[in-house]
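J.: Fold the following, please.
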Amino acid sequence: MQKRSRLEVPHAEELFVPAVTSEHTEMYLKAIWLIQERGEVPARIGSIARLLKVTPPSVVDMLKELSSHGYVTYMSRKGAKLTDKGAEIGKRMIRNTRLIEVLMKERLHVEVDERIACGIEHHMSGEFADALCILLDHPKKCHHGNAIPFGNCCT
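T.: Residues are numbered from 1 along each chain as shown. Below you'll find the predicted structure:
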């Protein structure tokens, strides 16, 4: 008979530790998407800093990093504009958040908790988001009245 260590649990749930830098990148792209959605293009450094509650120098450093990966076009002292690559991720984050908010309010009948919605949004696959969208009958707006970007399931 084989002896098991205390840490080996048969049929245990798998644990997943996401890369912090990935979520950090997604939050910046989401913030820029939100700012651009309001008509501020390019998204100004100060606007990004206020929304994310970080310092302007931190924003500049991150915008340079995002630019080096092709997510934004960075304009010194002005701000940044999402590239197609960055907009795709920003749109996905916004869609995920807003779908989770609709789920919470309209189906689960619980108060919308932005922290929970924000935490979940990073871990949703496209397939999961589309399934949730179908379950919710393709909502057009979140509880704030903001448009929910269409997904593959909405065409």
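J.: Pop the domain breakdown of the chain in here.
T.: By the assignment in automatic domain parsing, the chain contains the domains 20-82, 92-154.
J.: For residue 79, give me phi and psi.
T.: In terms of degrees, to the nearest 10, the main-chain angles of residue 79 are phi 140, psi -150.
J.: shaky segments in this structure?
T.: 1-21 (pLDDT under 70).
J.: Now do the contacts for residue 46.
T.: Residues in contact with residue 46, defined by Cβ atoms under 8 Å, 6 or more residues apart in numbering, are residue 56. Bear in mind the C-beta positions are built from the backbone N, C-alpha and C, glycine included.
J.: A helix includes it, no?
T.: Yes. Under DSSP: H, G, I helix; E, B strand; the rest coil, residue 46 sits within a helix.
J.: And it, how far from residue 57?
T.: Relative to residue 57, residue 46 is positioned 12 Å away (criterion: Cβ to Cβ, to the nearest Å).
J.: Specify the local secondary structure of the spatially most central residue of the chain.
T.: The centre of the chain sits closest to residue 93, judged by Cα atoms, centre = their mean, with a distance of 2.7 Å. Taking three-state DSSP as the rule, one finds residue 93 in the helix state.
J.: Please identify which helix or strand holds the closest residue to it other than its chain neighbours.
T.: Sequence neighbours aside, residue 30 is the residue nearest to residue 93 in space, at 4.0 Å (criterion: Cβ to Cβ, 6 or more residues apart in numbering). Assessed by DSSP states H and E, residue 30 sits inside helix 20-37.
J.: CA atoms only: put that helix into PDB for me.
T.: What follows is helix 20-37 as a C-alpha-only set of coordinates in PDB (Å, rounded to 0.1, in the frame of the first residue of the first chain):
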ATOM      1  CA  VAL A  20      -0.200  39.800 -11.000                       C
ATOM      2  CA  THR A  21       1.300  41.700 -14.000                       C
ATOM      3  CA  SER A  22      -1.500  40.300 -16.300                       C
ATOM      4  CA  GLU A  23      -4.300  41.600 -14.000                       C
ATOM      5  CA  HIS A  24      -2.400  44.900 -13.600                       C
ATOM      6  CA  THR A  25      -2.200  45.300 -17.400                       C
ATOM      7  CA  GLU A  26      -5.900  44.400 -17.800                       C
ATOM      8  CA  MET A  27      -6.900  47.000 -15.200                       C
ATOM      9  CA  TYR A  28      -4.900  49.800 -17.000                       C
ATOM     10  CA  LEU A  29      -6.500  48.800 -20.400                       C
ATOM     11  CA  LYS A  30      -9.900  48.700 -18.800                       C
ATOM     12  CA  ALA A  31      -9.400  52.100 -17.300                       C
ATOM     13  CA  ILE A  32      -8.300  53.600 -20.600                       C
ATOM     14  CA  TRP A  33     -11.300  51.900 -22.300                       C
ATOM     15  CA  LEU A  34     -13.600  53.500 -19.800                       C
ATOM     16  CA  ILE A  35     -12.100  56.900 -20.200                       C
ATOM     17  CA  GLN A  36     -12.200  56.700 -24.000                       C
ATOM     18  CA  GLU A  37     -15.800  55.400 -23.800                       C
END
